[in-house]
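# okay, here's the prediction I keep looking at, along with the sequence it came from:
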Amino acid sequence: MTRYIFLSYLVAFSLGVISFILLLVFLGWDLSAFTNPSLLFIPTLISGITMKILGGLGIAINFAVFCQLLFRAFSGSLKGRKGRVRALKAVLLLVAILICAYSIYRIIGVFFLSQPQTFFDIIMNVYGAASLMVWIYILPAIRGGYGGEEKGVIDRIRERIGKVRYSIWKGYSYRIRRDYGRVHAAEYERLQWNLEGIRGQLSGLLLLPLALTLLLFPPLMGVVLVLWVRLFSLEKKPLRKGERILLCLVSAGILILSLFINLFLSMPMMTSYFNLAYGFGILAGVFLLAYLVLKS
């Protein structure tokens, strides 16, 4: 890390340490207060709602992957047979409608149905939190992601040539070879990339509300605040190796605290808010996928 970036993390961490000491003094040096649900309620609520929205968007990504694999698996039997393609599209449309119906059920259930948190809900919450932090933050940081997206003239020319080549291949495969399965599989693969890109951009924007579970640990929260600001300047200064390590540690901290809250702290009053956020996240993901399909 450059000197100024390192200094910003050092200042944020130092201020966090001072704030943490003052907080301990205010709490009478009672460490058990950090497990008090009343103190954790608001930070956990905001963090959990953010996770649920991103997790709901993940449903749309998984559906795009499912469509891609399905068309690829049946590409041989779909070749030259538009009737079968229409039938498969109808089946996928039915699945999409069922997903929308499930999301609406989760939303309506908050207001009209009793939906207590079950063991299955806890498992899904744990899985959702783990998969979110691992796939969106930890793995990209380990693989050298967050390196900036600035493109030179050569990169933009290559990108345009790639789009032209894809359009030519798509027209040739669809109209001449009538290889409908491969074309649709390639289209859904591109949709998956677009959705992943959107969720990646949202993950940078939403890192701060995701990390609010660390609010009672100001040193870590200070580091998160600097990381969050840094994610908006990747084009000018990509994340350094040390910053990627910090991002992994912070993500692991958020994950561990989220698992602790889900497994050991009972907060049934949050279930309704989480169901509402998850339902809206799924619905938004499906509508976004439908928009990308129509646009393509």
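Right, received. Where do you want to start? Numbering: from 1, shown residues only.
# do you know how far I46 is from Y105?
Separation of I46 from Y105 (Cβ to Cβ, to the nearest Å) stands at 24 Å. Where you see a C-beta, it was placed from the backbone N, CA and C, and this is true even at glycine.
# and if you look at I136?
Look at I136 and Y105: by Cβ to Cβ, they are 26 Å apart.
# now stretch 41-53: average pLDDT?
For stretch 41-53, mean pLDDT rounds to 80.
# name the residues of it that are buried.
Applying a neighbour-count criterion of 16 or more other Cβ atoms under 10 Å, the buried positions in stretch 41-53 are 43-53.
# dump the residues you listed into JSON lines; add distance to A101 as well.
Output for the buried residues of stretch 41-53, formatted as JSON lines (distance: Cβ to Cβ, whole Å):
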{"residue": "P43", "distance to A101": "33"}
{"residue": "T44", "distance to A101": "29"}
{"residue": "L45", "distance to A101": "27"}
{"residue": "I46", "distance to A101": "28"}
{"residue": "S47", "distance to A101": "28"}
{"residue": "G48", "distance to A101": "24"}
{"residue": "I49", "distance to A101": "22"}
{"residue": "T50", "distance to A101": "25"}
{"residue": "M51", "distance to A101": "23"}
{"residue": "K52", "distance to A101": "18"}
{"residue": "I53", "distance to A101": "19"}
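# run a quick neighbour tally on T271.
17 (other Cβ atoms under 10 Å).
# hmm, I typed the wrong one, I wanted L202.
L202: 15 neighbours (other Cβ under 10 Å).
# per-residue confidence for it?
Looking at L202, its pLDDT is 71.
# so who does it touch?
With contact set as Cβ atoms under 8 Å, 6 or more residues apart in numbering, L202 has these partners: 54, 57.
# for it, give its distance to Y9.
Taken as Cβ to Cβ, the span from L202 to Y9 is 24 Å.
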